[in-house]
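Peer 1: 3D model of this:
(2 chains)
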Amino acid sequence: AQKVTQAQTEISVVEKEDVTLDCVYETRDTTYYLFWYKQPPSGELVFLIRRNSFDEQNEISGRYSWNFQKSTSSFNFTITASQVVDSAVYFCARLTGANNLFFGTGTRLTVIP
Amino acid sequence: EAQVTQNPRYLITVTGKKLTVTCSQNMNHEYMSWYRQDPGLGLRQIYYSMNVEVTDKGDVPEGYKVSRKEKRNFPLILESPSPNQTSLYFCASSQDVLGEQYFGPGTRLTVT
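Peer 2: Next up, the predicted model:
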């Protein structure tokens, strides 16, 4: 099966701590695309990043960074100096055929002030 | 403003009463999809459409129908809703098959 596993169901951190959300994927494809989405308490889904399998460079966007490692089939997401507004459910997803985003089960992050 | 809209946002209905959830996007996107979100399961694709009059099944299509008569609209139809279709539904659109998907605000459906 081509899965996306987010083993951390819930994480709580104190504000200003760094936190890493894990994502492990399975695929038989040589070309594939991975995504992270954020779902805040208001419920909408917010796109964070898309990464293709040919680009293994780590990406940084402000306090957010992503570590893509093909050798371990992982695409982990780190928030530096967490803030209360980062509290949300975060989903890792892989694009399968036919425009289908196959989502992990999500990690609920709570940032405590 | 570029957006995907869904209506209604909340709906409570009874078993067997046909309903339609509308979805519209103003970005001229080719691709549109419907997903359902259930606790502990993440989001799963119900149906998708590659263009007008072209639709196909996703991972969980049973009990649902869709149509794509216009590029901007992609309604989700439940002909005979059942309680196991109680869920949070999202419509999404993207410019191409590999691109970022933009999601609507979600429709919370309860079938009693």
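Peer 1: Pull up the distance across stretch A:64-73, start to finish.
Peer 2: 20 Å (C-alpha to C-alpha, to the nearest Å).
Peer 1: so how far is it from its chain's centroid?
Peer 2: Offset of stretch A:64-73 from its chain centre (C-alpha atoms, centre = their mean, to the nearest Å): 10 Å.
Peer 1: what comes up buried for it?
Peer 2: Neighbour-count burial for stretch A:64-73 flags A:Tyr64, A:Ser65, A:Trp66, A:Asn67, A:Phe68, A:Ser73 (criterion: 16 or more other C-beta atoms under 10 Å in any protein chain shown). Where you see a C-beta, it was placed from the backbone N, CA and C, and this is true even at glycine.
Peer 1: ok, what's across the strand from the closest residue to the first one other than its chain neighbours?
Peer 2: In space, A:Tyr64 comes closest to A:Ile79 once its chain neighbours are excluded; the distance is 6.1 Å by C-beta to C-beta, 6 or more residues apart in numbering or on different chains. For A:Ile79, the beta-bridge assignment (DSSP bridges) gives partners A:Val19, A:Tyr64.
Peer 1: list the contacts for A:Ile79?
Peer 2: Applying C-beta atoms under 8 Å, 6 or more residues apart in numbering or on different chains to A:Ile79 gives the contacts A:Asp18, A:Val19, A:Thr20, A:Leu21, A:Arg63, A:Tyr64, A:Asp86, A:Leu109.
Peer 1: what's the answer for A:Arg50, then?
Peer 2: A:Tyr33, A:Leu34, A:Phe35, B:Gly99, B:Glu100.
Peer 1: The second one - how many residues pack around it?
Peer 2: Residues contacting A:Leu34 under the criterion other C-beta atoms under 10 Å in any protein chain shown number 22.
Peer 1: Over to the fourth one?
Peer 2: Per other C-beta under 10 Å, the neighbour tally for B:Gly99 reads 16.
Peer 1: One more: the third one?
Peer 2: Residues within reach of A:Phe35, counting by other C-beta under 10 Å, total 22.
Peer 1: What strands flank the lowest-mean-pLDDT helix or strand in chain A, and is each parallel or antiparallel?
Peer 2: Lowest mean confidence among the helices and strands of chain A (mean pLDDT, DSSP states H and E): strand A:59-61, at a mean of 86. Partner strands for strand A:59-61, per DSSP bridges, with pairing direction: strand A:64-69 (antiparallel).
Peer 1: what sits up against the strand it pairs with?
Peer 2: A:34, A:36, A:48-49, A:51, A:55-60, A:74-80.
Peer 1: again, 7 Å this time
Peer 2: Strand A:64-69 is contacted from outside by A:Trp36, A:Leu48, A:Ile49, A:Arg51, A:Glu56, A:Asn58, A:Glu59, A:Phe75, A:Asn76, A:Phe77, A:Thr78, A:Ile79, using C-beta atoms under 7 Å, 6 or more residues apart in numbering or on different chains.
Peer 1: Tell me what the nearest residue to the fifth one once chain neighbours are set aside is bridged to.
Peer 2: Closest residue to A:Glu56 apart from its sequence neighbours, by C-beta to C-beta, 6+ apart: A:Phe68 at 5.5 Å. In this structure, A:Phe68 has beta-bridge partners A:Phe75, where bridges are defined by DSSP bridges.
Peer 1: separation between A:Phe68 and B:Tyr31?
Peer 2: In this view, A:Phe68 and B:Tyr31 are 24 Å apart by C-beta to C-beta, to the nearest Å.
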